[in-house]
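*Asks:* generate coordinates for the sequence data below:
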Amino acid sequence: MGKVDYIHDLRRSLKNVPENELSEILADYEEHFANGRSAGKTESEIIAALGPAKTVAQGYLMNTLIKEVNVAPSTIQRSGLLMQMMVIFLVLAPFNFLVLVGPFLVLVALLFAGWAIPITIAGVSIAALITVLVTTSLHVIGVLQGFSLFFMFLGVIGMSALASMIMILLSRGMIQLVSSYIRWNYNIIRARRA
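*Replies:* Next up, the predicted model:
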């Protein structure tokens, strides 16, 4: 593989990077080759020092995603960007697979369990309210007991809504935690390669 193939692979791997950034990156790598040649190195030696084009591109894509996560307007968009970051991170540092995926899976399982609680409580409460209203006539249980049952079910649904709000805050916190963890690991990998 020579300089032309390396630059071509780098360009192809960076297809999702904005054109102005892509031009700067490619110019930097053209300069790396020029400096290496002036130092008496062959293209193969320069390429060996730079590392594989796909790995270099993954590093730039990771930087772009880190910037996007910080400015993403919604929690859902941040979650999608974090998943992309994890995939790129695992390509960059496969030895970190268990270190990254283990805690991430535990956090995701806890988050799903946390969301299951308010959803289940609200669902059971609504089902019980509908069952009571449909199967029992008001004159059999009495007006006051009917109102007390109705407001009890509304209270449980309100508690479920409060638990959902808490889970929204916890979800946002988890996204920030995972994002910070990935950035920290990425900075360590980048420092080792420099």
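*Asks:* and the one residue sitting closest to the centre of the chain, what does it touch?
*Replies:* Closest residue to the average C-alpha location of the chain: residue 82 at 1.7 Å, with CA atoms, centre = their mean. Residues in contact with residue 82 (CB atoms under 8 Å, 6 or more residues apart in numbering) are 69, 175, 178, 179, 182. (Glycine included, C-beta is placed from N, CA and C.)
*Asks:* farthest-apart pair in the residues you listed, please.
*Replies:* Across the contacts of residue 82, no pair lies farther apart than 175 and 182, at 10.7 Å, counting by CB to CB.
*Asks:* quick check: closest non-adjacent residue to residue 1.
*Replies:* Nearest residue to residue 1 in three dimensions, chain neighbours excluded: residue 47, at 6.2 Å (CB to CB, 6 or more residues apart in numbering).
*Asks:* thought that neighbour was touching residue 4?
*Replies:* No: assessed by CB atoms under 8 Å, residue 47 is found out of contact with residue 4, at 11.3 Å.
*Asks:* need the contacts of residue 82 in JSON lines with distance to residue 115 and secondary structure, can you?
*Replies:* Formatted as JSON lines, these follow (distance: CB to CB, whole Å; DSSP: H, G, I helix; E, B strand; the rest coil):
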{"residue": "69", "distance to residue 115": "21", "secondary structure": "helix"}
{"residue": "175", "distance to residue 115": "14", "secondary structure": "helix"}
{"residue": "178", "distance to residue 115": "16", "secondary structure": "helix"}
{"residue": "179", "distance to residue 115": "20", "secondary structure": "helix"}
{"residue": "182", "distance to residue 115": "22", "secondary structure": "helix"}
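*Asks:* more neighbours: which of residue 47 and residue 4?
*Replies:* Just comparing residue 47 and residue 4: by other CB atoms under 10 Å the higher neighbour count belongs to residue 47, 20 against 10.
*Asks:* now that one: which helix or strand?
*Replies:* helix 43-50 (DSSP states H and E).
*Asks:* repeat that for residue 40.
*Replies:* Using DSSP H and E, residue 40 sits within no helix or strand.
*Asks:* tell me the pLDDT at it?
*Replies:* Listed pLDDT for residue 40 reads 88.
*Asks:* for the helix or strand encompassing residue 76, what is the distance to the chain centroid?
*Replies:* For residue 76, the element it lies in under DSSP H and E is helix 75-92. Here helix 75-92 is found 4 Å from its chain centre; the criterion is CA atoms, centre = their mean, to the nearest Å.
*Asks:* give me the mean pLDDT for it.
*Replies:* Mean pLDDT, helix 75-92: 72.
*Asks:* repeat for stretch 160-176
*Replies:* On average, stretch 160-176 scores 89.
*Asks:* what of stretch 29-36?
*Replies:* Stretch 29-36 comes out at a mean pLDDT of 85.
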